[in-house]
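Undergrad: Take this sequence and fold it.
(2 chains)
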Amino acid sequence: MAVKVIIPTPLRPYAGKQESVDLQAASVGEALETLTKKFQELRKHLYADDGKLRSFVNVYVNDEDIRYLQREKTQLREGDTISIVPSIAGGR
Amino acid sequence: MAHLLKVSEELSSGIRAHGVETYPQECCGALLGRDGEDGREVLALVPLMNRRDDSPRNRFSITPEDVRQAEQNAKEHGLELIGWYHSHPDSPARPSEYDREHAWPWYSYIIVRSEAQGTREMTSWRLSDDRASFAPEAIEIAARAPA
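TA: Numbers count the residues shown, from 1 in each chain, chains lettered A, B, ... in the order given. From the prediction side, this is the model:
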């Protein structure tokens, strides 16, 4: 399926300065895998060492959080938009 | 290359005031402004609610919905969302390991030390490309808000 991945501002320097990337993928997981294979520097900012998405990385398919869908197994349809949206956290 | 962040006296005071208001809990908010070759400039603040109800004295959290709204706010004012600020109650204005683990690259992270008597040092930081550390960002306080 042809889908668009919206790249958040802090990650654009690692994605050729692009605001979005068009790619082919059947699932969210496949889309993110394709994205990070194309732009390898993105990987460490999206995934922890255990291979799971970092807790402050939020992924939406057409404005639905994948945590309420099938997470990375969420199937995609032609023309879907995947958005990567930061949470911000920290503390002393 | 050393980074530079320009902040007006007025906005710097706004960050400090937020830290005083929420003490002994951590305050947090968005930095809106412009990013250019000669450095970044903070032109507006968006004070936000700390969503860490469970541990607000040493943690802060800004939801993706709040992030989206801050981005929309920036867009409506012809600005960019360039970073975030938060306070460290009774702790140095230096990024903690927790700050580093949860940080995003590119953003400026302003930290201000808050105490019962007020605020102390204010610093700014940017996460390194390899996520291993923060690089300090020099803060230049302008006497007046930009025209």
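Undergrad: Nearest residue to the residue most central in space within chain B in space, please, no chain neighbours.
TA: With the centre of chain B defined as its mean C-alpha position, the nearest residue by CA atoms, centre = their mean is B:Tyr85, 1.7 Å away. Leaving out its chain neighbours, the residue that sits closest to B:Tyr85 by CB to CB, 6 or more residues apart in numbering or on different chains is B:Ile110, at 3.9 Å. Any C-beta I mention is one placed from the backbone N, CA and C, and that applies to glycine too.
Undergrad: which residues does that neighbour bridge with?
TA: The partner list for B:Ile110 in beta bridges (DSSP bridges) reads B:Tyr85, B:Ser124.
Undergrad: That one: what's it in contact with?
TA: Residues near B:Ile110 by CB atoms under 8 Å, 6 or more residues apart in numbering or on different chains: B:5, B:7, B:15, B:31, B:83-86, B:122-124, B:139.
Undergrad: Closest one to A:Gln40 out of those residues, please.
TA: Comparing the contacts of B:Ile110 against A:Gln40 with CB to CB picks out B:Gly83 as the nearest, at 25.3 Å.
Undergrad: Can you mark which positions in the helix or strand harbouring that closest one are buried?
TA: Using DSSP states H and E, the element containing B:Gly83 is strand B:80-89. Of the residues in strand B:80-89, those buried under the neighbour-count criterion (16 or more other CB atoms under 10 Å in any protein chain shown) are B:80-89.
Undergrad: Same question for stretch A:48-60.
TA: When neighbours are counted by 16+ other CB under 10 Å, the buried residues of stretch A:48-60 are found to be A:53-54, A:56-60.
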